[in-house]
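Undergrad: Give me a 3D structure for the following:
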Amino acid sequence: MKAVLLTGIRQMHLADIPEPGIKKDNDVLLKIEMVGICGSDVHYYQTGRIGSQVVQYPYLVGHECAARVEAVGRTVTKLKVGDTVVVDPAVSCHRCEQCRMGRENTCRKLQFLGTPGQGDGCLCEYIVMPEENCFPTNGAISIAQAVLCEPLAIGLYSVRQAQMPTNAKIAILGCGPIGLSCMVTARAEGAEAIYMTDKIERRMEVAKKAGDIWVGNPDNQNIVKAILEQQPLGLDVVYECAGQQDTLDEAVELLRPGGRLILIGIPQLERVSFIIDKIRRKEINISRAASRERV
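TA: Take a look at the predicted model:
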């Protein structure tokens with residue numbers, strides 16, 4: 001089958017690789033219909049690693065995908081050939097202590113699509129996944145919408161992890177797919193005021209079209225000053241979706257005492273820093289929203 005492989009830093013190659021087949025009774029053979037490009041995929045392309053996860057070339061990336069069922073194992077009951085499915089890229093063991101605690105996304109033996117040391121990706125024609133990782137769309141959403149379910153799940157998980165107070169005032173730093181996923185979820189959860197920032201005009205325009213959202217560009221204005229002029233007591237929650245030192249610093253400035261910072265973006269650097277005096281005196285709560293929440 002055809003696959004697009006990473007073959008070096010900023011190098012990709014179209015290649016023929018063996019087609020996978022059903023090996024377990026609960027396996028589902030899937031024909032990939034559409035693949036989304038995650039920020040993590042970009043990191044692997046640009047630098048060949050994210051922290052300790054180092055690419056060994058050639059490598060197959062990709063984990064956001066929608067597919068069509070081509071064949072099923074003999075114990076598969078919820079899917080049939082021809083079904084369109086959303087794919088949950090995280091395969092958990094269901095036996096370790098993390099899984100037993102209900103934290104399948106931090107499974108000790110997690111096999112995640114397109115992650116070095118865990119599993120190959122989906123930027124190819126066919127993959128095999130367990131039945132439990134395949135969610136039929138039943139015609140309710142399009143293929144393109146199905147691809148967006150995985151990043152939307154991250155936004156949903158992040159907002160729920162923040163435990164927003166009633167009528168929360170929040171900022172989302174980064175208007176990419178994850179930031180926008182946080183926005184739509186926060187709205188559904190009752191956020192009263194939403195402030196969003198980005199440096200890419202096209203993304204900003206998408207956020208503006210959502211209506212009743214303040215959108216600013218840190219390249220053109222002091223976004224901390226502009227937001228605090230409207231919310232002088234500070235914000236309840238800030239979702240950092242850019243993975244940049246500047247946005248981390250802005251988040252700390254924007255939060256009220258006792259506010260919560262949710263880290264979602266993936267920095268290119270191995271280390272980031274905080275002004276500990278401000279974190280300590282404001283009693284800022286910092287949480288990392290895993291970019292691998294189950295659909």
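Undergrad: so residue 58 makes contact with residue 16?
TA: No - Residue 58 is not in contact with residue 16 according to Cβ atoms under 8 Å; the separation is 11.9 Å. Yep, even glycine has a C-beta here, placed from its N, CA and C like the rest.
Undergrad: Which segments of the protein make up each domain?
TA: 2-147, 152-288 (automatic domain parsing).
Undergrad: In CSV: those domains, plus mean neighbour count and mean pLDDT.
TA: Listed next are the domains of the chain as CSV, based on neighbours: other Cβ atoms under 10 Å; pLDDT from 0 to 100:
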stretch, mean neighbour count, mean pLDDT
domain 2-147, 17, 96
domain 152-288, 18, 95
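Undergrad: Not counting its own residues, what contacts stretch 211-225?
TA: Stretch 211-225 is contacted by residues 175, 183, 193-199, 201, 204, 207-208, 226-227, 230, 246-247, 250, 253-254 when judged by Cβ atoms under 8 Å, 6 or more residues apart in numbering.
Undergrad: How about stretch 129-148?
TA: 24, 26-28, 30, 33-36, 64-67, 69, 72-73, 75-79, 83-91, 149, 177, 181, 295.
Undergrad: Which ones among those residues map onto helices?
TA: 149, 177, 181 (DSSP state H).
Undergrad: Pick the one among those closest to residue 54.
TA: Nearest to residue 54 among the ones in helices among the contacts of stretch 129-148 is residue 177, at 25.2 Å by Cβ to Cβ.
Undergrad: ok, that closest one touching residue 151?
TA: Yes - at 4.8 Å, residue 177 counts as touching residue 151 under the criterion of Cβ under 8 Å.
Undergrad: Identify the contacts common to those two.
TA: By Cβ under 8 Å, 6+ apart, the residues touching both residue 177 and residue 151 are residue 36.
Undergrad: correct me, but residue 183 touches residue 196?
TA: Yes - in terms of Cβ under 8 Å, residue 183 counts as a neighbour of residue 196; the distance is 6.6 Å.
Undergrad: Need the overlap of contacts for the two.
TA: 172, 207, 213.
Undergrad: still on that earlier bit, in strands only, show me the contacts of stretch 211-225.
TA: 193, 194, 195, 196, 197 (DSSP state E).
Undergrad: For beta bridges, what are the partners of the third one?
TA: Looking back up the chat, that one is residue 195. Assessed by DSSP bridges, residue 195 has beta-bridge partners residue 171, residue 214.
Undergrad: Run through the strands of the stretch 51-200 of the chain in chain order.
TA: Using DSSP state E, counting those that start in this stretch, the strands assigned to the stretch 51-200 of the chain run over residues 53-54, 59-60, 64-72, 84-87, 90-91, 111-112, 126-130, 134-136, 169-173, 193-197.
Undergrad: The fourth one - contacts with which helices or strands?
TA: This points to strand 84-87. Strand 84-87 sits against strand 27-36, strand 64-72, strand 134-136, helix 143-147, helix 149-162, with contacts defined as 3 or more Cβ pairs under 8 Å, 6 or more residues apart in numbering; DSSP states H and E.
Undergrad: and the first one, which strands flank it?
TA: To tie it back to what came earlier, the one meant is strand 27-36. strand 64-72 (antiparallel), strand 126-130 (antiparallel).
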